[in-house]
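[1] can you look at this prediction? I've put the sequence above it.
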Amino acid sequence: MSLSISEDYTPKEVETAAQDYWREHGSFKVEVNLAKPKFYCLSMFPYPSGRLHMGHVRNYTIGDVISRFQRMRGFNVLQPMGWDAFGLPAENAAMKHNVPPAQWTYENIAYMRKQLQQLGYAYDWDREIATCHPDYYRWEQWFFCRLFEKGLVYKKDAEVNWDPIDQTVLANEQVIDGRGWRSGALVERRKIPQWFIKITDYADELLRDLDKLDGWPERVRVMQQNWIGRSEGLEFEFKVAGSKDIFTVYTTRPDTIMGVTYCAIAAQHPLALQAATSNPALAAFIKRQDNIKLAEADMATLEKEGMDTGIKAIHPLTGELVPVWVANFVLMSYGSGAVMSVPAHDQRDYEFAQKYKLAIKQVIMPGGHQNCDIKKAAFVDKGLLIDSGIYTGLNFKQAFEQLTTYFLTQGTGRKTVNFRLRDWGVSRQRYWGTPIPIINCNSCGAVRVPDADLPVILPVDVEFDGSGSPIKKMDSFINCICPSCGGKAERETDTFDTFMESSWYYTRFTCARYAEGMLNKKEVSYWLDVDQYIGGIEHAILHLLYSRFFHKLLRDEGLVTTDEPFKRLLTQGMVLKDGTKMSKSQGNTVDPEGLIAQYGADTVRMYMMFTSPPDQSLEWSDSGVEGAYRFLKRLWKIIGSFSPAPAPLVLAQLNEVQKELRLKTHSTIKKVSDDYERRQVFNTAIAAVMELYNDLSKYCTTQIVQDGGQHQAVVQEAMEAMVLLLAPIVPHMCHVLWHHLGKQGAVIDAAWPGYDESALVQNKVSIAAQVNGKLRTVLELAAGSSKESIEAAAFSNETILKFTNGFTVRKVIVVPDRLINIVVS
RNA sequence: GCGGACGUGGCGAAACGGCAGACGCGCUGGAUUUAGGUUCCAGUACCAUUGGUGUGAGAGUUCAAGUCUCUCCGUCCGCACCA
């Protein structure tokens, strides 16, 4: 090591030296080694938007810290990096700057790769993936074809946001207040044929296997469970009065059927459309519903509106006629597009009935001590049936069973399990995505592209004119021969949802350059599953659910052998400045590059890890960065000014002060190891090392140096511990300091330190002494004192007696070595 | 609207039902310095004199609650075509 440590801390030199070493030694290249346990640590790959932002820096620092820690613990660590390279921003950039999306994307990748390298992340760059590269997406096309053959994909009409001026389909985020973001035109809903993957076939398994994910945050599992939304209910028919028509509804509350006073159907329901032909007002109402944004959140906050169709439905139990209304909150795409309405026992139905003066009939009475007033609000809890003919007096469960049996014997209904989860629509009417490998033939229909013709390559030499995808007008791309009949046919011009690429990239990292197939069995069986996955909480549902689904599809294709992709999940919080999310539009971004230039990568990494625990949001502060920098300078100085000595540690020769320092060293190792491994909180780990530094610094300034004695040995031990414990977070500096401490080899290859139990033994402990739960004094007692002696000590303490005298002692609680609480009255 | 989380000093936070505020920032005072900066030392929740009060608000469970339960308020994430 040529770097002189007696000088001031110069991050640039330190970081160049360490990074040169890693590069020259190929330190982070990994391959299968069956003799060694593996650890696959993955951070969610970025969209190559142009420059790294602080959210990336945080995400990738967490991943790198865990990777380096696990390496020191003896694992063969795979930490790859790649690019989620397809997506909308590339097309926007193309229109704005007149650059083809491919060029824009690859330039961004080159720039961001350089930024990641500056931060010193321990990636195996030989495995780098860009999803927009044909070597990647060809296998996605191949896999889609396998699903096609298995009948797991299908085509159906589905609604999109249509911009009538730009003549293009808009993403939800491109619709602002019901208008197209560029044209300002009122957005219409339009139905077009699209491809779907049958995720609902796996709904039960996706729900059930959440139980296996004990390394996932509880909140993510709960969110997924609610998203899948399994419910059991009754599906039954209503007959339309004076007609042969019937329509089906689904309810989870069959016990309230006697309370049905109307039915509500979607604007696009066949009955509504039929009724509209002879009812201009209704037709106009239905037409108005076309301009509503597709997003569920907008739908839910919509003012509830409806209109009577004039149709009457026959109540299946009473035979009474109930009106059928069109309602804007009933969606054709959910269930059957029709619901039974029980205003007395459903809040939304209640509000609708109030608004349109529809009847409200109470049929459930609260059990127990509950009160309810139907005049004020719906009573939505379960209770006992009233005014329900032969069902009166039953509870929910009994009514559910008897009613489902009734409908079953009538042949007009059945018990069903329903999921909120809908099939995954993967078609996008965009250019910058994976071409869907389908050929449409007039005589053969939709035919998959044969394996030999894969990949279907996306043409990259394109120009954007602002209206739709360029390949939709590119005859050379569209015109082709039907692989089935040999006749003229047209290629599918839609591309895949970009969630497709990110649903399986973690598997491809195990064999990124494999050309003989989608996945290499040998690599996959060694590296998978991902042991640690790290990414933003915003991906808690969609990306993580699609990936779990894809893993099961891969399993059923024989490509992987496990049920779940990610053993342990860490969801990191956002990076904020001035209390709001850092974003370009807010103008409150902090550029990581400038900070690296000013303070070095180690300071940036350290600050990121020190400021908050990983799963909380992180509030940016410039002065906080200064603090991290100062600490690193101090660390550099104290170790730099120390001359390492070979003096062996002789426990019997330690004096009391040296024993205390040693206690601090080893309790720090214990605490920090637990923080890294079990708790995954790095701010407290750093704080603990800072405490050790403070103790060491105090020790060094107050103790007289005795060369060759135990002084040197305990200081050396403390310094080695600090360097090892910080090495995953501050890898460049620790690389240099390690050599300065006289160590052979690189710190990345050093073993994680263990702690000496015997160093942790304390002979005295402080015990909190409380009276009625309030702290009154602290007792200094021998460690391991018996309950009796703690009590005796408390009752002979002046302060305690001051608060107990004149009262009767009711109870005494003693927690050995920690606390005594005396309850008096 | 629905689902999920979060709310603690001037600020970022710690406390894994058992001593609230570790660690860091900032601030105040002091030392070093021609000065500024750096570095080092001491202090720093609030109110008051022994002591009292404090973890968004209110209730509850417990010997003991920032932590568990419920209600409310606020903020954030997701809501299926942003990634």
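    That came in fine, so what should we check first?
[2] where does chain A have its least confident helix or strand?
    strand A:580-581 (a mean of 76; mean pLDDT, DSSP states H and E).
[3] helix or strand right after that strand?
    helix A:592-599 (DSSP states H and E).
[4] which strands and helices sit next to that next one?
    helix A:54-72, helix A:101-118, helix A:601-611, helix A:622-640 (3 or more CB pairs under 8 Å, 6 or more residues apart in numbering; DSSP states H and E). In this view, the C-beta of every residue, glycine as well, is placed from N, C-alpha and C.
[5] if we use 7 Å, what do you get?
    Under the contact criterion of 3 or more CB pairs under 7 Å, 6 or more residues apart in numbering; DSSP states H and E, helix A:592-599 touches helix A:101-118, helix A:601-611, helix A:622-640.
[6] burial of A:S43, as a residue count?
    26 (other CB atoms under 10 Å).
[7] in a helix, that's where A:Q762 is, yeah?
    No: per DSSP: H, G, I helix; E, B strand; the rest coil, A:Q762 lies outside any helix segment and is coil.
[8] circling back to that earlier point, chain center to the least confident helix or strand of chain A, what's the gap?
    19 Å (CA atoms, centre = their mean, to the nearest Å).
[9] same deal with stretch A:517-529?
    For stretch A:517-529, the distance to the chain centre is 24 Å (CA atoms, centre = their mean).
[10] likewise stretch A:245-264?
    37 Å.
[11] tell me if it is near RNA strand B.
    No: remark: stretch A:245-264 sits outside contact range of RNA strand B, by CB under 7 Å from any atom of the strand, the gap being at least 13.4 Å.
[12] same check, this time on stretch A:418-428
    Yes: applying CB under 7 Å from any atom of the strand, one finds stretch A:418-428 in contact with RNA strand B at A:420-422, A:424-425, A:427-428.
[13] can you map out the helices along the stretch 101-250 of chain A?
    Under the criterion DSSP state H, counting those that start in this stretch, helices of the stretch 101-250 of chain A are mapped to A:101-118, A:134-150, A:203-208, A:218-228.
[14] contacts for the last one?
    Among residues not part of helix A:218-228, those counted as contacts by CB atoms under 7 Å, 6 or more residues apart in numbering are A:203, A:206-207, A:210, A:213, A:419-421, A:540-541, A:544-545, A:569, A:571.
[15] now the buried members of the residues you listed.
    A:203, A:206-207, A:210, A:213, A:419, A:421, A:540, A:544-545, A:569, A:571 (16 or more other CB atoms under 10 Å).
[16] with pLDDT added, can I get the residues you listed in JSON lines?
    Below are these laid out as JSON lines (pLDDT from 0 to 100):
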{"residue": "A:A203", "pLDDT": "97"}
{"residue": "A:L206", "pLDDT": "98"}
{"residue": "A:L207", "pLDDT": "97"}
{"residue": "A:L210", "pLDDT": "96"}
{"residue": "A:L213", "pLDDT": "96"}
{"residue": "A:F419", "pLDDT": "93"}
{"residue": "A:L421", "pLDDT": "95"}
{"residue": "A:A540", "pLDDT": "94"}
{"residue": "A:L544", "pLDDT": "98"}
{"residue": "A:L545", "pLDDT": "98"}
{"residue": "A:L569", "pLDDT": "97"}
{"residue": "A:T571", "pLDDT": "95"}
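[17] need the pLDDT of A:Q370.
    Here, the pLDDT recorded for A:Q370 equals 64.
[18] ditto for the one 3 residues further on
    The model reports A:D373 with a pLDDT of 76.
[19] so it belongs to a strand, correct?
    No: judged by three-state DSSP, A:D373 forms no part of a strand; its state is coil.
[20] ok so A:F642 is a helix residue?
    No: checked against three-state DSSP, A:F642 lies outside a helix; its state is coil.
[21] got a pLDDT number for it?
    88.
[22] what about the residue of the stretch 1-150 of chain A found nearest RNA strand B, how many residues nearby?
    Residue nearest to RNA strand B within the stretch 1-150 of chain A (CB to the nearest atom of the strand): A:G87, separated by 2.9 Å. For A:G87, the neighbour count with other CB under 10 Å is 21.
[23] wait, what's in contact with the residue nearest to it when sequence neighbours are not counted?
    Once flanking residues are discounted, A:G87 sits nearest to A:T498: 5.0 Å by CB to CB, 6 or more residues apart in numbering. Contact analysis of A:T498 by CB under 7 Å, 6+ apart lists A:84, A:86-87, A:433.
[24] and these as TSV, adding distance to A:K239 and pLDDT?
    Below are these laid out as TSV (distance: CB to CB, whole Å; pLDDT from 0 to 100):
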residue	distance to A:K239	pLDDT
A:D84	51	97
A:F86	50	97
A:G87	49	95
A:G433	46	97
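[25] which of the residues you listed are buried?
    A:84, A:86-87, A:433.
[26] in the stretch 701-825 of chain A, which spans are strands?
    A:764-771, A:774-782, A:809-815, A:819-824 (DSSP state E, counting those that start in this stretch).
[27] what of the stretch 201-350 of chain A?
    Using DSSP E, counting those that start in this stretch, strands in the stretch 201-350 of chain A cover A:230-240, A:246-251, A:262-265, A:306-314, A:321-327, A:338-341.
[28] would you reformat these as TSV and include mean neighbour count and mean pLDDT?
    Formatted as TSV, the strands of the stretch 201-350 of chain A follow (neighbours: other CB atoms under 10 Å; pLDDT from 0 to 100):
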stretch	mean neighbour count	mean pLDDT
strand A:230-240	18	94
strand A:246-251	19	94
strand A:262-265	25	94
strand A:306-314	20	94
strand A:321-327	22	95
strand A:338-341	25	94
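[29] so which of the residues of stretch A:418-428 next to RNA strand B is the most crowded?
    A:R428 (25 neighbours).
[30] pull the number of nearby residues for A:H269.
    22.
[31] measure whichever residue of chain A sits closest to RNA strand B to A:W752 for me?
    Nearest to RNA strand B, among the residues of chain A, is A:G627, at 2.5 Å (CB to the nearest atom of the strand). Counting by CB to CB, to the nearest Å, the gap from A:G627 to A:W752 is 27 Å.
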